[in-house]
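Engineer: turn this into a structure:
(chains A, B, C, D, E and F)
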There are 4 protein chains.
Amino acid sequence: MSQTGSRKAASQDRRAAILQAMLELIAERGFHDTPMSMVSQRSGASAGIIYHYFDNKEELIHSLYTEVKIDYTRALMQDHPENLPPAQAFRQIWLKGYQYHREHPQETLFMEQFENAPYFEKHPQVPETEEALSRMLALFSTPEGKFKDLPLEVLWEMSLGVASRVARQEHLSGSLGLDAQKLDLMALACWQAVSEQPSAQS
Amino acid sequence: MSQTGSRKAASQDRRAAILQAMLELIAERGFHDTPMSMVSQRSGASAGIIYHYFDNKEELIHSLYTEVKIDYTRALMQDHPENLPPAQAFRQIWLKGYQYHREHPQETLFMEQFENAPYFEKHPQVPETEEALSRMLALFSTPEGKFKDLPLEVLWEMSLGVASRVARQEHLSGSLGLDAQKLDLMALACWQAVSEQPSAQS
Amino acid sequence: MSQTGSRKAASQDRRAAILQAMLELIAERGFHDTPMSMVSQRSGASAGIIYHYFDNKEELIHSLYTEVKIDYTRALMQDHPENLPPAQAFRQIWLKGYQYHREHPQETLFMEQFENAPYFEKHPQVPETEEALSRMLALFSTPEGKFKDLPLEVLWEMSLGVASRVARQEHLSGSLGLDAQKLDLMALACWQAVSEQPSAQS
Amino acid sequence: MSQTGSRKAASQDRRAAILQAMLELIAERGFHDTPMSMVSQRSGASAGIIYHYFDNKEELIHSLYTEVKIDYTRALMQDHPENLPPAQAFRQIWLKGYQYHREHPQETLFMEQFENAPYFEKHPQVPETEEALSRMLALFSTPEGKFKDLPLEVLWEMSLGVASRVARQEHLSGSLGLDAQKLDLMALACWQAVSEQPSAQS
DNA sequence: AATGAATGAGCCTTCATTCAT
DNA sequence: CATGAATGAAGGCTCATTCAT
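Structural biologist: You can find the predicted model right below:
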């Protein structure tokens, strides 16, 4: 059984290596400039065996997306502070999102590409993400701090979407000079955008 | 001269037809799932003649990007209101941006894809866009209304970037139920994000 | 008539320009890397009009070959010395051949390529060449100086063939350091090869 | 190991079949009238697999040239007689050269074409050929028999160059009626051309 | 006669996927 | 399970030739 165990482990390693290779290559070159032969080479797996783990290239990419999305969601929710005023909670989550994207540029580029690719059938919802999202939302439906009355998608774009895109731009074009103070200002700006402001209308 | 003129006109028509076909197809299928043969078919031009108008596929796409970008910029600046309070000016521009994206989903999808494609060398700056951008910026460096002290790229993502991405999502996933009131709220939210707020609570 | 004459002259000029362009381009790039469009460009003739002068690319090349071959033959026979001892006559002709090839590298490269191209149907004999050849031969069937009893083609390769190939090599690889003395030695060597030697067997 | 061996053998066979097909086709039709699809068909290999063995068409042709050149060189040096008077040694080598070209018309046509093709960058020296050439030269720098004081390229054209071109002509235009006696006479003629003659008449 | 835009067959090459070993 | 040679359908692009103007 220990043998079976190690075989299984080796198998999981190989699967992971393939996913990792695909992730790196897509970030570097894009979907279509990433031939399976290159994934094979980079991952150390033979061309044939990849089709043992994944039905085809498309399915491999969908699997990768699911894994990355879960990883990202976990990062967002990790060490989640309980009992914090909404503004603070938002700030922390926003900063964690930004940090994730900065520390995982490949994942960021990949998600961006994937979500922009019209030839990929709509990816099924990732349950982990859905659940985390609703947990997050609950934090911001309190008397002390509410979101504006806008669709969830819009709120997302105004907050974590901005974090993602700014982090991606920083990665691609070098630094934008965002120090801790500027990051705080950005988190605040997003909070001002999504939250009900005391005396809004200028 | 009328003969030369009509020949020129026909030639321009064909060029435009090719660009249009490429635009539609990229929006529908993406760069790499758009073979030149399909562009040829859709545009009614023969496969060979495309290379009379464009050096190669890549150059065709770059040309398309330039044209679309200019078109978009024009839309943003059209009927530009002089002597408006910054908050109002911002609101108008934001709404025009949003409107453009809603009315030009293909252009929107295309720009998004193009700007996300790692295999496209940096496209040369489009002068029209640069100029419009600086004209816009001038509107928001007044005592009555200033932008937050954040890089231009960040401000863009928090404002017109949001308009683009929300419009794109609406196009892809059907309506998000954004009526005029919600759009106003969104424009305001973006303004709150990018502008210096009177008493920013911590 | 003067108009007709000048029209005819212009027409001939154009024809010549086309042939010249093709000659240059083939020498520089070879048959197959010489598109008709390039011939059109270099010659200043439109793509369409070329087919007014020549049936197709192949016929154009055959016409060029005929012209070049006649030109070459004329050069060989020009100022032909009468009443010279065979050895002297041979030397003069050989040197004229060599000189032609040095002064006309494009023609030389073209003839070489043409005669080596398996896809060109056998070119019909050029009468001018045939006639010149037999006039030349007559010079070397005298008691004082005879050719060896070998087929004409062999004698050709041992004499003017060598001149052609050496001149071509010099052109391609820069100088081989062939001064007047060496050229004389080469002419002599060829004469020794083709002529009956007094006491041959070493 | 026998398995690996046979796989290797099969692989070598296929490589050889591709080279052979290319050789035949170039001899029949020339480089540019030999599409890869035809090489694929003639060799029995699929179109794609050719690129497993060779980077591209050009590299395939260069590889072919190297192989043919080595083969030719081997033929020239095979059973090389030691301690023969230079005139005899020359005669033997010349005849072997001629014989090779007669027995290998495809190789002959191919080499001729290759060496005449302006679009092929200079092929890297083939070491085997270089070495054989210098071994040959040594035979003809003795008191009893010397070459004329002419560049090596010239001597080559006057000797083995002639053998090649005559053999090629015989192949293309049928027999020139060259029996053993005539061949001996040709070998002698070439020797007379390249060697210092006792009393060279002017 | 002259132009040059247009055609479309064909070329070289790539690559997702399969399958004999 | 694993390998990697093999397949063959495209894909981007070229170019000899035609034809509307």
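Engineer: buried set for the helix ranked longest in chain A?
Structural biologist: Assignment by DSSP state H gives helix A:2-29 as the longest helix of chain A. Within helix A:2-29, the residues that count as buried by 16 or more other C-beta atoms under 10 Å in any protein chain shown are A:14-15, A:18-27. Yep, even glycine has a C-beta here, placed from its N, CA and C like the rest.
Engineer: for the residue most central in space within chain A, which non-adjacent residue is spatially closest?
Structural biologist: Compute the mean C-alpha point of chain A, and by C-alpha atoms, centre = their mean the closest residue is residue A:72, 4.1 Å away. Distances taken as C-beta to C-beta, 6 or more residues apart in numbering or on different chains place residue A:100 nearest to residue A:72, at 6.0 Å, with adjacent residues excluded.
Engineer: can I assume the one you found is in contact with residue A:75?
Structural biologist: Yes - Residue A:100 is within contact range of residue A:75, at 4.3 Å (criterion: C-beta atoms under 8 Å).
Engineer: ok, back up a step: tell me the confidence at the residue nearest to the centre of chain A?
Structural biologist: For residue A:72, the pLDDT comes out at 97.
Engineer: could you say which helix or strand holds it?
Structural biologist: Here residue A:72, judged by DSSP states H and E, is contained in helix A:57-77.
Engineer: that helix near DNA strand E anywhere?
Structural biologist: Yes - looking at helix A:57-77 against DNA strand E by C-beta under 7 Å from any atom of the strand, the contacts come from A:57-58.
Engineer: now that helix: buried residues?
Structural biologist: A:57, A:60-69, A:72-73, A:75-77.
Engineer: tell me how far the closest residue to residue A:110 other than its chain neighbours lies from residue D:162.
Structural biologist: Among residues not flanking residue A:110 along the chain, residue A:26 sits closest, at 5.2 Å (C-beta to C-beta, 6+ apart). Distance of residue A:26 to residue D:162, given as C-beta to C-beta, to the nearest Å: 62 Å.
Engineer: for residue A:18, same thing?
Structural biologist: Counting by C-beta to C-beta, the gap from residue A:18 to residue D:162 is 62 Å.
Engineer: who's in contact with the helix holding residue A:72?
Structural biologist: A:18-19, A:22-23, A:26, A:31, A:36, A:39, A:50, A:53-54, A:93, A:96-97, A:99-100, A:104, A:107, A:110-111, A:114, A:120, A:123, A:126, A:128-129, A:132, A:135-136, A:160 (C-beta atoms under 8 Å, 6 or more residues apart in numbering or on different chains).
Engineer: any idea of the angle the next helix or strand after it forms with helix A:57-77?
Structural biologist: Per DSSP H and E, helix A:57-77 leads on to helix A:86-103 as the next helix or strand towards the C-terminus. Computed by axes from the mean of the first three to the mean of the last three C-alpha atoms, to 10 degrees, the angle separating helix A:86-103 from helix A:57-77 equals 140 degrees.
Engineer: is any residue of whichever strand or helix holds residue A:42 near DNA strand E?
Structural biologist: Using DSSP H and E, residue A:42 sits within helix A:36-43. Yes - residues of helix A:36-43 contacting DNA strand E under C-beta under 7 Å from any atom of the strand: A:36-37.
Engineer: same question for that helix: list its buried residues.
Structural biologist: Buried, per 16+ other C-beta under 10 Å, within helix A:36-43: A:36, A:39-40, A:42-43.
Engineer: likewise for stretch A:158-173?
Structural biologist: Buried, per 16+ other C-beta under 10 Å, within stretch A:158-173: A:158-171.
Engineer: from chain D, how far out is residue A:55?
Structural biologist: 23 Å (C-beta to the nearest C-beta, to the nearest Å).
Engineer: give the buried residues for the helix or strand encompassing residue A:52.
Structural biologist: Following DSSP H and E, one finds residue A:52 within helix A:47-53. By 16+ other C-beta under 10 Å, the buried positions in helix A:47-53 come out as A:50, A:53.
Engineer: which residues sit against it?
Structural biologist: Taking C-beta under 8 Å, 6+ apart as the rule, helix A:47-53 contacts A:14-15, A:18, A:36-37, A:39-40, A:43, A:60.
Engineer: at 6 Å what do you get?
Structural biologist: Applying C-beta atoms under 6 Å, 6 or more residues apart in numbering or on different chains, the set of residues contacting helix A:47-53 from outside is A:15, A:18, A:37, A:40.
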